[in-house]
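Chemist: Just the structure for this:
(2 chains)
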Amino acid sequence: MADDCCRWLANEMAEPNVLRNNAAADKSGQSASALTREQDLIARVQRGQNELFYELVRPYERRVYAAALAILRNESDAEDVAQEAMLKALANIRQFRAEARFSTWLIQITVNEALMRRRRERTVVMEGIDDRRDEETDYTPRDFADWREIPSEALERKEIRQKLAEALASLDRKYREVFVLRDVEQLNIQETAEALGISVASVKTRLLRARLMLRDLLAAGWGQGWFSRLPFEKGSKPW
Amino acid sequence: MVNERVNCEQVWRDISNYIEGDVDTALRTAMDEHFGTCPRCKSVLQGTRNVIRLYSDERMIELPAGFDRRLERLLAQRARPRASRWLTWEAWLVPVAAMALIAGGMWLMNSRTAVQQVKSEHANAGQNIPPDLAVVVAPGTKVFHVPGCSFIHDKDNLRKLTAKEALKEGFTPCPRCLKKYLETTAVVYALPGTQVSSDADEDEAARSDTSHRDEVRGRD
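Modeler: A predicted model of the protein is given here:
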């Protein structure tokens, strides 16, 4: 079953054309030399040098953990699943094809593992019932203050990271998962839909709502002083 | 080409697709124009981009303490080639100990069997009995005899076997017909100051041996 899953992922990942993958690699900030080094590591692990596997996955360990956490909402479970996903990727590394993006393959294995665990443990019950009506109605933004870009240095501050994480955690499961896979994990719309087993249209609708809701949550956070002491403190709101 | 106009609600509906680059040219142009004139929608656009930029930053992901160390250790354990498991001397401790236990157990079992072979407290295992010597045992007894021995009780149900087999099964030699092999008996009962006539015994043993061989030959 697990092998079937990974074979499916490998086949799916082999489909997209190389141009899109290169573009994705550029978008994720992966330089050409880093990509070459990754391909070299993959080939060596596929030839049996398993001791190099941690070096191969290390750049993605945060994203793997974040994907598991978005689905399970429990740090301990997320770490377990991240480890299981890594082991499964190692066991199935020969099924990975070079044309695919390794990080995406790894994330999709993780999402699959996390979804399986959630189904097994029925944690979905704790988060209430998904209401399809949300998706069918338009979301109206609440805050229209002038915008300025929040400098990325803001993320150096732990309390800001914590507030942003809390805002994300407050979203309903269906919005949080889509947002994390697309905007945190950098999967594309199609990959996000396949990983979660939902339609592309649902991904787009949920992504729109997730982004707008987070924008409103952060705008409200501005009013509560989340971003005080930042360079634009005396200016207008960043939203 | 006349650009179609869009209102705020339409912009909000498609703003995510706009950021994705997933709108057709006409809609993109119309939305661009709208953003140029509508500060509210521009605020929504820029705020949404802010959200995406902040959350896509890896610093947003905080790993639990020790996560990478635990993962590295787990992968190192799994990555270790199976053959190398036997390259350290510690790895051999368990199998060597197991083999030693088995060997010791077998030795003990053999020792116990040897002790238990002698079934009678008066029995003597005898010495130098030819292993191939044909002997008989009667059911329910503890003694083996040379065929034809007059001290066999149940002569109708005799079982033939060799002396070696009889000894192995725990039978002891008959003190009469196999007397010549029970030399130690004479030593045990020799009192201090007395002399055991070994010559006489040897003569008798020789005679007995000859007669036994004749008896065996006769039965064969």
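Chemist: Could you list the domains of chain B?
Modeler: Chain B resolves into domains spanning B:8-56, B:134-219 when parsed by automatic domain parsing.
Chemist: Looking at the longest one now, give me its mean pLDDT.
Modeler: Mean per-residue pLDDT for domain B:134-219: 70.
Chemist: go on, the shortest one?
Modeler: Mean pLDDT, domain B:8-56: 92.
Chemist: With stretch B:80-91 instead?
Modeler: On average, stretch B:80-91 scores 61.
Chemist: tell me how far the ends of that stretch are from each other?
Modeler: Across stretch B:80-91, the straight-line distance between its terminal residues is 14 Å, by Cα to Cα, to the nearest Å.
Chemist: gap between the biggest helix by length in chain A and the chain center?
Modeler: Ranked by residue count and defined by DSSP state H, the top helix of chain A is helix A:200-223. Averaging C-alpha positions (Cα atoms, centre = their mean, to the nearest Å) puts helix A:200-223 15 Å from its chain's average.
Chemist: which parts of that helix are buried?
Modeler: A:202-219, A:221-222 (16 or more other Cβ atoms under 10 Å in any protein chain shown). In this view, the C-beta of every residue, glycine as well, is placed from N, C-alpha and C.
Chemist: any bit of that helix sitting next to chain B?
Modeler: Yes: with Cβ under 8 Å from any Cβ of the partner chain as the criterion, chain B is reached by helix A:200-223 at A:204, A:207, A:208, A:211, A:212, A:214, A:215, A:218, A:219.
Chemist: Residue B:46 and chain A, how far apart?
Modeler: Plainly put, residue B:46 is 4 Å away from chain A if you go by Cβ to the nearest Cβ, to the nearest Å.
Chemist: Could you count how many residues lie near that residue?
Modeler: 18 (other Cβ atoms under 10 Å in any protein chain shown).
Chemist: check which helix or strand covers it.
Modeler: Per DSSP states H and E: residue B:46 is located in helix B:39-55.
Chemist: what's the answer for residue B:161, then?
Modeler: For residue B:161, the host element (DSSP H and E) is strand B:159-162.
Chemist: returning to what we had before: could I get the average pLDDT for the longest helix of chain A?
Modeler: For helix A:200-223, the mean pLDDT works out to 89.
Chemist: tilt between it and helix B:39-55?
Modeler: Helix A:200-223 runs at 100 degrees relative to helix B:39-55, counting by axes from the mean of the first three to the mean of the last three Cα atoms, to 10 degrees.
Chemist: With just CA atoms, put helix A:200-223 into PDB.
Modeler: This file holds the C-alpha atoms of helix A:200-223, laid out as PDB (Å, rounded to 0.1, in the frame of the first residue of the first chain):
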ATOM      1  CA  VAL A 200      -8.600  22.400  -8.200                       C
ATOM      2  CA  ALA A 201     -11.700  24.700  -7.900                       C
ATOM      3  CA  SER A 202     -11.900  23.900  -4.200                       C
ATOM      4  CA  VAL A 203      -8.300  24.700  -3.700                       C
ATOM      5  CA  LYS A 204      -8.700  28.100  -5.400                       C
ATOM      6  CA  THR A 205     -11.800  29.000  -3.400                       C
ATOM      7  CA  ARG A 206     -10.300  28.000  -0.100                       C
ATOM      8  CA  LEU A 207      -7.000  29.700  -0.900                       C
ATOM      9  CA  LEU A 208      -8.700  32.900  -1.600                       C
ATOM     10  CA  ARG A 209     -10.600  32.800   1.600                       C
ATOM     11  CA  ALA A 210      -7.600  31.700   3.700                       C
ATOM     12  CA  ARG A 211      -5.500  34.600   2.300                       C
ATOM     13  CA  LEU A 212      -8.200  37.200   2.900                       C
ATOM     14  CA  MET A 213      -9.000  36.000   6.400                       C
ATOM     15  CA  LEU A 214      -5.300  36.000   7.400                       C
ATOM     16  CA  ARG A 215      -5.000  39.500   6.000                       C
ATOM     17  CA  ASP A 216      -7.900  40.700   8.200                       C
ATOM     18  CA  LEU A 217      -6.500  38.800  11.200                       C
ATOM     19  CA  LEU A 218      -3.100  40.500  10.800                       C
ATOM     20  CA  ALA A 219      -4.700  43.900  10.200                       C
ATOM     21  CA  ALA A 220      -6.600  43.400  13.500                       C
ATOM     22  CA  GLY A 221      -3.300  42.400  15.100                       C
ATOM     23  CA  TRP A 222      -1.800  45.700  13.900                       C
ATOM     24  CA  GLY A 223      -4.400  47.500  16.000                       C
END
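Chemist: which residues make contact with the strand or helix carrying residue B:108 from outside it?
Modeler: Using DSSP H and E, residue B:108 sits in helix B:93-117. Applying Cβ atoms under 8 Å, 6 or more residues apart in numbering or on different chains, the contact partners of helix B:93-117 are B:125, B:167, B:168, B:169, B:170.
Chemist: I'd like to know which of those is nearest to chain A.
Modeler: residue B:168 (55.6 Å; Cβ to the nearest Cβ).
Chemist: Neighbours of residue A:178, how many?
Modeler: By the criterion of other Cβ under 10 Å, residue A:178 has 29 neighbours.
Chemist: Please disregard the earlier target; I meant residue A:83.
Modeler: A count of neighbours around residue A:83, defined by other Cβ under 10 Å, yields 21.
Chemist: what's the distance between it and chain B?
Modeler: Separation of residue A:83 from chain B (Cβ to the nearest Cβ) stands at 6 Å.
Chemist: Then residue A:36?
Modeler: As for residue A:36, its distance to chain B is 21 Å (criterion: Cβ to the nearest Cβ).
Chemist: That residue: which element?
Modeler: helix A:32-46.
Chemist: which other helices and strands contact the strand holding residue B:161?
Modeler: Packing contacts for strand B:159-162, counted by 3 or more Cβ pairs under 8 Å, 6 or more residues apart in numbering or on different chains; DSSP states H and E, involve strand B:134-137.
Chemist: quick one: strands adjacent to the strand it packs on?
Modeler: Take DSSP bridges as the rule and strand B:134-137 pairs in its sheet with strand B:143-145 (antiparallel), strand B:159-162 (antiparallel).
Chemist: so where do the helices sit in chain A?
Modeler: Going by DSSP H, chain A shows helices at A:2-14, A:18-27, A:32-46, A:53-57, A:61-72, A:75-91, A:102-121, A:132-136, A:158-169, A:173-179, A:189-196, A:200-223.
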